[in-house]
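Trainee: Need a 3D model of the sequence below.
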Amino acid sequence: MKAAIYTLGCKVNQTESEYMAELLSKAGFEIVSPNEDADFYIINSCTVTATADQKTRQNVRKFKRKHPDSVVILTGCMPQAFPKEAEELIQADIVLGNKNDGDILELINQYNINKSRVIAIDNHKTGDEFRECSIAKFSERVRAFVKIEDGCDRFCSYCIIPMSRGRVRSKSLKVLKNEVNNLADNGIKEIVLVGINLSAYGKNEKFNIVDAVKICAENDKILRVRLGSLEPDHITDDIIEELSKIDKFCPQFHISLQSGCNKTLKNMNRHYTAEEYKTLCDKLRSAFKDTSITTDVMVGFNEETKEDFADSLNFVKDIAFEKVHTFPYSQREGTNASKKGDSVSRNEKEHRASIMIAETDKIRRNYLNSLIGKTVNVLFENEIEKNIFAPAGAPASSRIDRIYQGYTKNYTPIRIESDRDIIGNELDVVITQSFDDYCTAKLRF
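Mentor: Residues are numbered from 1 along each chain as shown. Take a look at the predicted model:
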């Protein structure tokens, strides 16, 4: 039997897809690409925006249309947050929430026996324990995302995630250590710790995010440890100091901003001010050499005026983030913000987004350009192109026919030409040129 998994959304979803793939593989399934013919197609959904829901519906229908004799399975955040809407998506033969993804084999067997539609969506409850999701391998050869936290207690006014993920709960350090050891034994050299609200890892426990980083760094085969998206008000001075002492820790911080306007932040029920956010950025840049700070910015939130947007834009330019993900506000049914309406037109949101993107892209290009001539250490992860540098008639031994991509510790993408496989190698290179979203380099001899 063949199974294909199509993943939408965040890095947590990616880890959960890897977990389901391992469960299926151990049961004898062959895991294939979603572009190939399969007996089962699993759509692991995201519901963070209305657009994400639309993509989920489109893909469920597409896979059923293209493979009418196959079983289509819908899982992830969309059915968890909106079970009624998921049930109404009749092209899905099996519908399960993210709380049930560990039961996927049982549900497939149930479907095969009864030959009737299966719906399995259990509600998240306060006091739920962290569900098993450990993986031993990852589809990428060098870097693995490791989920250590689930759920969120913040209740930002625009966000549906607490409904789709439940309350904060954390993976134990013992389970994490076993998982990291297995991944390292299978060739993984960089661990990225991820969670729905990663900064809350260890809440109501006797450990925190620093302990998780230390567990990963203790393994001799792991070269780097990186953190996923963080919330600013959970990064204390003690955490900054302790992380700065860990040599393998990568000083790249993706810290959600959402807006640089205090009025908008308050309306969003974010738990910090723009001034507090800036203070945190200053501390991080002081504590870590060559750190990079990236973020998410929402434009067009309900009641955001043109003046509010200007405040946010000026703040973002002042911080000079190394990279910014900009997106327009999308009203989500069931959130507090949805009760107040949506006062900014779609055209105005798109206009503001285009301005924010243009300005932050300039900052990104200037940052990358500033790296030219610098020596940086890169862990190479994948080959991205072949057979484009060989002059006509050149002997095979003289060809440089591959481009490899990797990342610096602060997550700057670097591409290099090489006539040998350097995937998994950590090498010093000199940056030679910058482009819109990456740099090229040559080996340092």
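
Trainee: Contacts made by the helix or strand of the chain with the lowest mean pLDDT with the rest, please.
Mentor: Least confident helix or strand of the chain, by mean pLDDT, DSSP states H and E, is strand 375-386 with a mean of 89. Residues lying outside strand 375-386 but in contact with it, judged by CB atoms under 8 Å, 6 or more residues apart in numbering, are 140-143, 189-190, 223-224, 401-409, 412, 414-416, 421-431, 441, 444. The way it works is simple: take the backbone N, C-alpha and C, and place the C-beta from them, glycine included.

Trainee: And for Ile239, nearest residue in space, chain neighbours not counted?
Mentor: Ranked by CB to CB, 6 or more residues apart in numbering and with sequence neighbours excluded, the top spatial neighbour of Ile239 is Val210, at 5.8 Å.

Trainee: mind checking which helix or strand the one you found is in?
Mentor: helix 209-217 (DSSP states H and E).

Trainee: outside of that helix, which residues touch it?
Mentor: 146, 148, 173, 176-177, 180, 191, 193, 198-199, 201-202, 222, 225, 227, 239, 242-243, 246-249.

Trainee: Narrow these to those that are buried.
Mentor: 146, 148, 173, 176, 180, 191, 193, 198-199, 201-202, 222, 225, 227, 239, 242-243, 248-249 (16 or more other CB atoms under 10 Å).

Trainee: Mind checking which of the residues you listed land in helices?
Mentor: Residues from the buried ones among the contacts of helix 209-217 lying in helices, with DSSP state H as the criterion: 173, 176, 180, 239, 242-243.

Trainee: Widest-spaced pair of those residues?
Mentor: Val180 and Ile239 (19.9 Å; CB to CB).

Trainee: Glu112: helix or strand, and which one exactly?
Mentor: For the record, residue 112 is Asn, not Glu. helix 104-114.

Trainee: same check, this time on Thr56
Mentor: Counting by DSSP H and E, Thr56 is found in helix 50-66.

Trainee: buried stuff in that helix?
Mentor: For helix 50-66, using 16+ other CB under 10 Å, the buried residues are 52-53, 55-57, 59-60, 62-64.

Trainee: can I get these in a markdown table with distance to Val297 and pLDDT?
Mentor: Shown next, in a markdown table, are the buried residues of helix 50-66 (distance: CB to CB, whole Å; pLDDT from 0 to 100):
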| residue | distance to Val297 | pLDDT |
| --- | --- | --- |
| Ala52 | 18 | 93 |
| Asp53 | 22 | 94 |
| Lys55 | 21 | 96 |
| Thr56 | 24 | 97 |
| Arg57 | 27 | 97 |
| Asn59 | 27 | 97 |
| Val60 | 30 | 98 |
| Lys62 | 31 | 97 |
| Phe63 | 33 | 98 |
| Lys64 | 36 | 98 |
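
Trainee: So which of these is the closest to Ile355?
Mentor: Ala52 (23.7 Å).

Trainee: For the closest one, which non-adjacent residue is closest in space?
Mentor: Nearest non-adjacent residue to Ala52 (CB to CB, 6+ apart): Cys46, at 4.2 Å.

Trainee: Pull the contacting residues for that neighbour.
Mentor: 8-10, 13, 52, 55-56, 76-78.

Trainee: Would you write a PyMOL line that selects the buried entries of the contacts of strand 375-386?
Mentor: Restricted to buried positions by 16+ other CB under 10 Å, the PyMOL selection for those reads:
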select buried, resi 142+143+189+190+223+224+401+402+403+404+405+406+407+408+409+412+414+415+416+422+423+424+425+426+427+429+431+441
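
Trainee: Restricted to helices, list the contacts of strand 375-386.
Mentor: Per DSSP H, the contacts of strand 375-386 never map to helices.

Trainee: Tell me where the stretch 51-200 of the chain has strands.
Mentor: 71-76, 94-96, 118-120, 143-150, 169-170, 190-195 (DSSP state E, counting those that start in this stretch).

Trainee: Redo those strands as TSV? Include distance to Lys266 and mean pLDDT.
Mentor: Formatted as TSV, the strands of the stretch 51-200 of the chain follow (distance: least, CB to CB, whole Å; pLDDT from 0 to 100):
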stretch	distance to Lys266	mean pLDDT
strand 71-76	31	98
strand 94-96	37	98
strand 118-120	39	97
strand 143-150	26	98
strand 169-170	28	97
strand 190-195	25	98
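
Trainee: Make TSV out of those strands and add distance to Asn35.
Mentor: Formatted as TSV, those follow (distance: least, CB to CB, whole Å):
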stretch	distance to Asn35
strand 71-76	15
strand 94-96	21
strand 118-120	26
strand 143-150	22
strand 169-170	35
strand 190-195	26
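
Trainee: Just tell me which of the ones you listed ends up closest to Asn112.
Mentor: Per CB to CB, nearest to Asn112 of the strands of the stretch 51-200 of the chain: strand 71-76, 8.4 Å.

Trainee: who touches that closest one?
Mentor: By CB under 8 Å, 6+ apart, the list of residues contacting strand 71-76 reads 8-9, 13, 16, 20, 39-47, 56, 60, 63-64, 86, 89, 91-98, 100-101, 104, 107-108, 111.

Trainee: let's go with 7 Å and repeat that
Mentor: Outside of strand 71-76, the residues within contact range by CB atoms under 7 Å, 6 or more residues apart in numbering are 13, 39-46, 60, 63-64, 86, 89, 91-96, 98, 101, 111.

Trainee: Can you get me a residue count around the residue nearest to Gly406 when sequence neighbours are not counted?
Mentor: In space, Gly406 comes closest to Phe380 once its chain neighbours are excluded; the distance is 3.5 Å by CB to CB, 6+ apart. For Phe380, the tally of surrounding residues (other CB atoms under 10 Å) stands at 22.

Trainee: same thing with Glu307?
Mentor: By other CB under 10 Å, neighbour count at Glu307 equals 10.

Trainee: so what does the helix or strand hosting it touch, helix or strand wise?
Mentor: Take DSSP H and E as the rule and Glu307 turns out to sit in helix 306-319. Packing partners of helix 306-319 (3 or more CB pairs under 7 Å, 6 or more residues apart in numbering; DSSP states H and E): helix 262-267, helix 274-287, strand 292-299, helix 346-370.
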